[in-house]
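K.L.:
compute the structure for the input listed below.
(one chain, ligands or ions: 1)
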Amino acid sequence: MGMPSTWQQGLSWLRAPTNELAFAMRNALRWSRGAPILPDEGKQDLFAALSPAARAQAERVANELTQRYDLHRLLARSTRASWAGSLQHLLGLERLVGTLPLPMGADGVVRALDVGCGDFHYATALQRWLARQASTSTTAANSNSPATASSVVLRGIELDGHGLYADWRSRADHARAHADLAAVAGSTVLFQVGDFTRLALPTQDVVTAFFPFLTSYACLRWGAPVSRCSPRRLLARAVATVRPGGWLLVVNQTNDECGRLRRLLAQHPVELVASCEWQCDLVPWRESTCGQIGSLWRRSLG
Ligand SMILES: C[S@@+](CC[C@H](N)C(=O)[O-])C[C@H]1O[C@@H](n2cnc3c(N)ncnc32)[C@H](O)[C@@H]1O
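P.N.:
Next up is the predicted model:
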């Protein structure tokens, strides 16, 4: 997505009253039909549009990720879009973080929170990555002793959880199904509808935000209530929720958006540890991943 023109930005404000009203109605109705059974959409021709060589490479990478993160259950219980999006995030997370040791509590538990998780379709990918990164960090820290099994407590929080999907279930219904699928023995994956900036939450080792709204244009285009989506408030709260030495990990849609993130975070006690492209050939919408950027920030100890 390129930079919107001034006209586009101006016109997007015409959506504001409808977005506010629809959000208020969704919240009053709080529609729910319970968690859906997640579908098993065929993934065989996911890479069909690629050249034979690129296709073979994509299949190899997807197989490796499936083995490395034990994604078999997700593979059998996901749409093509959720599956491909999960692979994209895993590749991005590996590229961004590499072998850096994951911050975790003294009890070996990693407490992580995803802000604005939408329907949390990537919950399994995020949980598996956190668990694997935690266990490799523990192994490296105790190279003379056997690895301590680390567990993960992952929470997804979404402001607009009562939005309706085409199957007449709510975003929260879908998110709960994805959270349930992601939870494995020793780990907890929770989903909560609410405004992250207003909830009382425990401090976290890791806070993630995949494609947060950093402009009112993005918020208005998405159909969200602009009155409730303040990037300043969201980032201030995200930093405050990370414990000293913990991580804030953000993925942005564009370079400009990432620039805005840097400017907003400049006022906060965080330092940039790494950043990298989030572009990915494994998703059918590969062109729109061009320009996506992930960045990793560490909360200062002081
Ligand atoms: C562009 S969407 C990204 C959704 C999801 N992370 C993904 O990658 O599919 C941004 C999400 O942040 C949510 N959001 C915005 N402000 C929020 C807040 N204060 N608390 C919780 N969620 C918020 C929006 O409702 C929206 O679902």
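
K.L.:
contacts, neighbours, all on C-alpha from now
P.N.:
Fine.

K.L.:
look up phi and psi at the residue of the stretch 51-200 of the chain found nearest the ligand.
P.N.:
Scanning the stretch 51-200 of the chain for the residue nearest the ligand gives Gly116, at 3.3 Å (criterion: Cα to the nearest ligand atom). Per-residue torsions, Gly116: phi 70, psi 60 (degrees, to the nearest 10).

K.L.:
repeat for the one 10 residues further on
P.N.:
Summarising the backbone geometry of Leu126 under the convention degrees, to the nearest 10, its torsions are phi -70, psi -40.

K.L.:
against Cys280, how distant is it?
P.N.:
Applying Cα to Cα, to the nearest Å, the value for Leu126 to Cys280 is 17 Å.

K.L.:
wait, is Cys276 part of a strand?
P.N.:
Yes - counting by DSSP: H, G, I helix; E, B strand; the rest coil, Cys276 is located in a strand.

K.L.:
so it touches Arg95, yeah?
P.N.:
Yes - assessed by Cα atoms under 8 Å, Cys276 is found in contact with Arg95 at 7.1 Å.

K.L.:
next up, the contacts around Gly118.
P.N.:
Contacts for Gly118 (Cα atoms under 8 Å, 6 or more residues apart in numbering) come out as 157-158, 160-161, 171, 175.

K.L.:
for the ligand, tell me which of those residues show up nearby.
P.N.:
The residues of those that also fall near the ligand, by Cα under 6 Å from any ligand atom, are 157-158, 160.

K.L.:
need these in CSV (columns: neighbour count and pLDDT).
P.N.:
As requested, the ones next to the ligand among the contacts of Gly118 are exported to CSV (neighbours: other Cα atoms under 10 Å; pLDDT from 0 to 100):
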residue, neighbour count, pLDDT
Ile157, 24, 98
Glu158, 23, 98
Asp160, 25, 97
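
K.L.:
take these and keep only those in strands.
P.N.:
Secondary structure from DSSP state E places 157-158 of the ones next to the ligand among the contacts of Gly118 in strands.

K.L.:
which one of the ones next to the ligand among the contacts of Gly118 is nearest to Asp180?
P.N.:
Nearest to Asp180, judged by Cα to Cα, of the ones next to the ligand among the contacts of Gly118 is Ile157 at 14.6 Å.

K.L.:
measure the closest one to Gly118 for me?
P.N.:
Counting by Cα to Cα, the gap from Ile157 to Gly118 is 8 Å.

K.L.:
can you name the residues of the stretch 151-300 of the chain that neighbour the ligand?
P.N.:
Counting by Cα under 6 Å from any ligand atom, the stretch 151-300 of the chain comes close to the ligand at 157-160, 194-197, 210-213, 224, 229, 234.

K.L.:
tell me the buried residues in the helix or strand of the chain with the lowest mean pLDDT?
P.N.:
For the chain, using mean pLDDT, DSSP states H and E, the weakest element among its helices and strands is helix 123-141, scoring a mean of 88. Buried residues in helix 123-141, counted by 16 or more other Cα atoms under 10 Å: 123-139.

K.L.:
closest to Leu11 among the contacts of Gly118?
P.N.:
Each of the contacts of Gly118 was scored against Leu11 by Cα to Cα, and Asp160 proved nearest at 22.7 Å.

K.L.:
and Arg171, how many neighbours?
P.N.:
Arg171: 23 surrounding residues under other Cα atoms under 10 Å.

K.L.:
wait, it sits on His121?
P.N.:
No - here Arg171 does not reach His121: they are 10.2 Å apart, not a contact under Cα under 8 Å.

K.L.:
touching the biggest strand by length in the chain from outside, list them.
P.N.:
Counting by DSSP E, the longest strand found in the chain is strand 242-252. If you take Cα under 8 Å, 6+ apart as the criterion, strand 242-252 is touched by 103-104, 203-212, 238-239, 258, 278, 292-302.

K.L.:
from the residues you listed, which would you call buried?
P.N.:
Neighbour counting by 16+ other Cα under 10 Å classes 103-104, 203-212, 238-239, 258, 278, 292-300 among the contacts of strand 242-252 as buried.

K.L.:
among these, which lie within strands?
P.N.:
Among the buried ones among the contacts of strand 242-252, the residues falling in strands (DSSP E) are 204-210, 293-299.
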